[in-house]
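Participant: sequence and predicted structure below; questions after.
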Amino acid sequence: MTTEMQEIAITEEKPLLPGQADPAKEAEVAARILLDQGQEHSIETPHGVLHATFHGTGNTRRPAILTFHDVGLESKSCFSTLFKFEEMQEIVKNFTVVHVDAPGQEEGAAVYPNGYQYPPMEQMAEMLPAVLQYFNFRTVIGVGVGAGAYVLSKFTLSNPELVEGLVLVNIDANARGWMDWAAQKLTTLTSSVTEQILSHLFSQEEMCANTELLQSQRERICKAPNLPNIELFWKTYNSRRDLNIDRSSTFKCPVMLVVGDQAPYEDAAVECNSKMDPTTTSFLKMADAGGMPQLTQPAKLTEAFKYFIQGMGYMASSCMTRLSRSRTTSLSSSYSMEGSRSRSRTLSQGSQGGQLPPSPSHTMEVSC
């Protein structure tokens, strides 16, 4: 009787020795680092080169989120705290994010030569369509702060078909008046560029308190190698023209205006809100917030941003964590009516609601 022997190949899985790296895990970590840091691009536009940092996979089924920073900041110092915030990651996972730096404002930017003609605010807005074309974006959701809010507003008014929504923090839609111009001239004689910019970024109360955030921003700006470029951007912003927004000539997309109740541009944001279409505008006034709510209150701003995106029809299953956990959320709704002054009412929402009331056809002012 013969017994047939079959050869069986046995593959031995050798465990990794202590200290030996796993190539697959190394590649995954490297990919995460690249995704976190973003891919940097220099983009040719009709008015010069723009620096942009790309995060995400380039999902074209949804609009990209495009940010533009304020004077005295660049994309990292303006938006890193907000976009790296833990609860913001749900949004970051679902959208491509591109941070655009104004000309010469990015980290490591070369200093422009004497006599360089810095592009005015209108030209900066005209540079943005080239960014969308470069990344093959069909539409974007704009997030701008201060000067960046002005640039994105100008861009949206000229290209309404390219913008699905706008989040404007510390917007001032007005040109500088004669009184402002005279005050600025006087300030120029008595204060350094750094202090002028700080008074733009922070309220008088924050300046007097000399907070840790203010001190860090002062040190960062005054030691910036590209400080001459920052000064050019500052002068350009102070020479801005009026956006000429009114009820008959305003944005065609949903807009969320954001300002701190202690911010230097609170009055300007309130005035801008009064000129907006009340059926498509939300006004978020953040309690106990100064001039940089994206840095000091990222939790509240993230939550408001989620509501805003949900109102546009995206991320419908997203849960509202922070505000829904809070004991109460105070909502102050301002009703704009033809021929009469706005009246307000206060609503109280318990912790179990988890959702803001549906947006009616009026401007909603939310204090949180």
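Facilitator: On my side now, so go ahead.
Participant: switch to C-alpha atoms for all contacts and neighbour counts from now on
Facilitator: Will do.
Participant: just the strands in the protein please.
Facilitator: 39-45, 48-55, 64-68, 97-101, 140-145, 163-169, 255-260, 281-286, 328-337, 340-350, 364-367 (DSSP state E).
Participant: what about this structure, any weak spots by pLDDT?
Facilitator: 1-36, 176-190, 318-368 (pLDDT under 70).
Participant: quick one: the residue nearest to the spatial centre of it from residue 164, how far?
Facilitator: In the chain, the centroid-proximal residue (C-alpha atoms, centre = their mean) is residue 143; its distance is 3.7 Å. Here residue 143 is placed at a distance of 11 Å from residue 164 (C-alpha to C-alpha, to the nearest Å).
Participant: same check, this time on residue 43
Facilitator: Between residue 43 and residue 164 the distance is 23 Å, computed by C-alpha to C-alpha.
Participant: residue 137 now?
Facilitator: Applying C-alpha to C-alpha to residue 137 and residue 164 gives a distance of 12 Å.
Participant: which residues do those two both contact?
Facilitator: residue 63 (C-alpha atoms under 8 Å, 6 or more residues apart in numbering).
Participant: not counting its neighbours along the chain, what's nearest residue 264?
Facilitator: residue 203 (4.7 Å; C-alpha to C-alpha, 6 or more residues apart in numbering).
Participant: and that neighbour, how many residues sit next to it?
Facilitator: 22 (other C-alpha atoms under 10 Å).
Participant: can you pull the contacts of it?
Facilitator: 262-264, 290-291.
Participant: which members of these are classed as buried?
Facilitator: Buried subset of these (neighbour count, 16 or more other C-alpha atoms under 10 Å): 262-264, 290-291.
Participant: can I get those residues in a markdown table including distance to residue 80?
Facilitator: Below are the buried ones among the contacts of residue 203 laid out as a markdown table (distance: C-alpha to C-alpha, whole Å):
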| residue | distance to residue 80 |
| --- | --- |
| 262 | 22 |
| 263 | 20 |
| 264 | 22 |
| 290 | 18 |
| 291 | 16 |
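Participant: nearest to residue 95, of the residues you listed?
Facilitator: Of all those, residue 95 sits closest to residue 291, with 26.7 Å by C-alpha to C-alpha.
Participant: could you double-check that that closest one sits in contact with residue 269?
Facilitator: No. Counting by C-alpha atoms under 8 Å, residue 291 stays clear of residue 269, with 11.9 Å between them.
Participant: where do the contact lists of those two overlap?
Facilitator: Contact with both residue 291 and residue 269 is made by residues 170, 259, according to C-alpha under 8 Å, 6+ apart.
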